[in-house]
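Trainee: Next comes the sequence, and after it the predicted model I'd like to discuss.
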Amino acid sequence: MNGHKPLHGYTILITRAAGQSREVIDRIHELGGTTECFPMIEITEPDSWDMCDRAIITMKKYDAVIFTSANAVRGFLFRIENNFPQAKDILNRRTVYAVGSKTKEALTDHGIKTDAVPETYTADAVVALITESGAAGKTFLLPAGNLTRDVIEETLKRADAVVDRIPVYTTKKPAATDTARLEQLVRQQLIDVVTFFSPSSVHHFFELIDPALVQNIPVAVIGTTTSDAVTGYGIQAGIQPDKATGDALVESIVKYKQRSEQPG
């Protein structure tokens, strides 16, 4: 039975933060594949909650709140629910934008309504969505991580909007990685696909592994910025779904495997 599953015989390297990988790993296993997990990033609390706390206390002054990731949702709502529960009602009376389906799902899980999600799951798309309705003179709150791209903040400021960006999580290298085991898997090509979900995971990976060792291993990525990061190391990401979701990435890997197994 397992031999008929589409990912049978495939071993996929997962570099995503451990707490975010479960759904992708489970889906790969459902489809008959195996996984090797080496998280290249770790998500932790920000160094200080002071900016976040001030923004929560003064949330009534914001016209809208923009979330670019599920991590931003979890960090911001963690602070509200544990320290300022009364602010949740205020948040639900702001216009709330979400970049991506997973971000919207995270908001829904916390009981927050989403007013707008762009058709394509990118920061550029949410900026276009906001500016279409007019951003000038409005004040936006942007809960973010330490490595979040500045495109939303910079573009909205150029449109004469006020943007307060506040740290709600930190992306950093994991405390420890079994580098010898990871290098063995890559050097001996015991991995059929390497996956990356963020530029930071790409950079941390290639601090440990010589890019030359990955030249003959297919690379799967989520998002154009992640793809660009891979390209910066002289490697082409041959697997990239249109939608920036884990399910879409797994489906793209399935399609890649099916194409590679076709005669000719």
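Mentor: Yep, it's here. Here the structure is a predicted model, which is why all the values come from computation and not from measurement.
Trainee: how's the chain carved up into domains?
Mentor: Split into domains by automatic domain parsing, the chain comes to 2-41+174-260, 44-171.
Trainee: Quick one: the helices in the stretch 1-150 of the chain, in order.
Mentor: Taking DSSP state H, counting those that start in this stretch as the criterion, the stretch 1-150 of the chain carries its helices at 22-30, 50-57, 70-83, 87-92, 101-109, 123-132.
Trainee: The ones you listed: which one's closest to residue 153?
Mentor: With respect to residue 153, and counting by C-beta to C-beta, the nearest of these is helix 123-132 at 9.6 Å. Bear in mind the C-beta positions are built from the backbone N, C-alpha and C, glycine included.
Trainee: Any idea how far the closest one is from the middle of the chain?
Mentor: 18 Å (C-alpha atoms, centre = their mean, to the nearest Å).
Trainee: Check stretch 129-136 too.
Mentor: When C-alpha coordinates are averaged (C-alpha atoms, centre = their mean), stretch 129-136 and its chain have centres 24 Å apart.
Trainee: follow-up on the earlier one: can you tell me which of the helices of the stretch 1-150 of the chain comes nearest to residue 238?
Mentor: Closest to residue 238 of the helices of the stretch 1-150 of the chain, according to C-beta to C-beta: helix 22-30, at 17.7 Å.
Trainee: Just name whatever secondary elements the closest one is in contact with.
Mentor: Packed against helix 22-30, as judged by 3 or more C-beta pairs under 8 Å, 6 or more residues apart in numbering; DSSP states H and E, are the following elements: strand 11-14, strand 34-37, helix 246-260.
Trainee: what's the most buried one of those?
Mentor: Here the criterion is mean neighbour count by mean count of other C-beta atoms under 10 Å, and of the helices and strands packed on helix 22-30 the winner is strand 11-14, at a mean of 21.
Trainee: on that earlier part again, now tabulate the helices and strands packed on helix 22-30 in a markdown table and tack on mean pLDDT and distance to residue 203.
Mentor: Compiled in a markdown table, the helices and strands packed on helix 22-30 are given as follows (pLDDT from 0 to 100; distance: least, C-beta to C-beta, whole Å):
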| stretch | mean pLDDT | distance to residue 203 |
| --- | --- | --- |
| strand 11-14 | 98 | 16 |
| strand 34-37 | 96 | 19 |
| helix 246-260 | 94 | 19 |
